[in-house]
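Need a 3D model of the following:
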Amino acid sequence: LAPEREPSPHMRSRAEVGRILLDSPVPAVVLRAAVVIGSGSASFEMLRYLTERLPVMTTPRWVRTRTQPIAIRDVLRYLVGWAQIGEEVNRSFDIGGPDVLTYADMMRVYASVAGLPRRVIVPVPLLSPRLSSHWVGLVTPVPAGIARPLVESLRNETVCREHDIARYVPDPPEGLVGFGDSVTLALRRIREAKVTTRWSSASTPGAPSDPLPTDPDW
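Purely as a prediction, here's the structure:
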């Protein structure tokens with residue numbers, strides 16, 4: 001994707017992993033996504049809790065940075081599609097959904113889809129990524145240690161520069177899943193208790209993000 005300023009450490013790490021894979025003797029395909037929207041992901045849980053718990057938000061400047069979220073089902077469609085490609089390819093591809101939004105836009109759309117009153121978002125330039133991550137850690141179940149790299153990455157604009165992947169894995173006839181529809185699908189899975197995996201599954205035992213005794217098994 002296309003950061004407009006010095007990439008965050010998290011973004012640099014992702015880019016380095018891609019370079020290592022592509023420089024290996026085995027052909028590889030690297031799919032570069034921004035925010036992946038799906039039930040159980042840390043990015044989605046952060047968006048969900050911030051929007052649901054805060055009807056009025058004083059937010060840092062990164063809420064105005066543009067990004068191109070993608071639905072998890074489109075990511076999975078690309079991964080499954082590549083398993084059927086016989087051609088030898090060694091390159092990276094930008095992948096994103098049909099909508100380019102700011103984080104503030106995503107919170108407003110989420111509120112609308114979830115049937116919540118319109119959220120009031122007031123940007124405050126003094127909130128650094130470090131302070132923001134602690135704020136996210138207090139408001140959401142995502143610990144500050146996980147929230148910080150996600151928040152720091154939001155200072156970079158992440159909009160697709162190309163859509164070359166469609167030459168190999170064509171878009172479905174109905175098009176890619178829009179942001180609003182991806183939120184609807186994620187919320188449906190949560191309400192139906194069909195969240196197979198959660199971001200906290202990768203945490204260490206006893207972490208603050210572990211389920212409480214009163215939480216449902218799923």
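
Which secondary structure element of the protein has the lowest mean pLDDT?
helix 129-139 (a mean of 68; mean pLDDT, DSSP states H and E).

what's the helix ranked longest in the chain packed up against?
For the chain, the helix that runs over the most residues, judged by DSSP state H, is helix 9-23. Packing contacts for helix 9-23, counted by 3 or more C-beta pairs under 8 Å, 6 or more residues apart in numbering; DSSP states H and E, involve strand 29-32, strand 91-94, helix 144-153. Where C-beta positions appear, they are placed from N, C-alpha and C, glycine not excepted.

what stretches of the protein score poorly on pLDDT?
By pLDDT under 70, the low-scoring segments of the chain are 1-5, 125-135, 137, 143-144, 192-218.

Tell me which residue is most central in it.
Centroid check for the chain by C-alpha atoms, centre = their mean gives V35 as the closest residue, at 2.3 Å.

For the nearest residue to it once chain neighbours are set aside, give me its contacts.
Nearest residue to V35, sequence neighbours excluded (C-beta to C-beta, 6 or more residues apart in numbering): P69, at 4.2 Å. Each residue near P69 by C-beta atoms under 8 Å, 6 or more residues apart in numbering is listed here: A34, V35, V36, I37, G96, G97, D99, L101, M106, F179, S182.

on that earlier part again, so the residue nearest to the centre of the chain makes contact with T65?
No. Using C-beta atoms under 8 Å, V35 is not in contact with T65, being 11.0 Å away.

how much space between the residue nearest to V35 and V109?
Counting by C-beta to C-beta, to the nearest Å, the gap from P69 to V109 is 10 Å.

what's the answer for V183, then?
Counting by C-beta to C-beta, the gap from V183 to V109 is 7 Å.

And the two? Which one has more around it.
Each of V183 and V109 has its neighbours counted (other C-beta atoms under 10 Å); V183 has more, 27 against 20.

who's in contact with the more buried one?
Contacts for V183 (C-beta under 8 Å, 6+ apart) come out as I37, V109, Y110, V113, A114.

What number of residues are in the vicinity of R19?
Neighbours of R19 (other C-beta under 10 Å): 11.

And the one 3 residues further on, by the same measure?
The burial count assigned to L22 is 15, neighbours taken as other C-beta under 10 Å.

Surely it touches E16?
No. In this structure, L22 is not within contact of E16 by C-beta under 8 Å, at 10.9 Å.

Hmm, W82 is touching V29, no?
Yes. Counting by C-beta under 8 Å, V29 is a contact partner of W82 at 5.7 Å.

the more surrounded of these two?
Comparing W82 with V29 by other C-beta under 10 Å, the one with more neighbours is V29, at 18 against 15.

just checking, A111 touches P117?
Yes. Between A111 and P117 there is a contact under C-beta under 8 Å: 7.2 Å.

Which of those two has more residues huddled nearby?
Under the criterion of other C-beta under 10 Å, the comparison of A111 against P117 puts A111 first, with 17 against 8.

Confirm that one sits in a helix?
Yes. Assigned with DSSP: H, G, I helix; E, B strand; the rest coil, A111 falls within a helix.

what's the burial count for the closest residue to it other than its chain neighbours?
Nearest non-adjacent residue to A111, counting by C-beta to C-beta, 6+ apart: R119, 4.9 Å away. Using other C-beta under 10 Å, R119 has 18 other residues around it.
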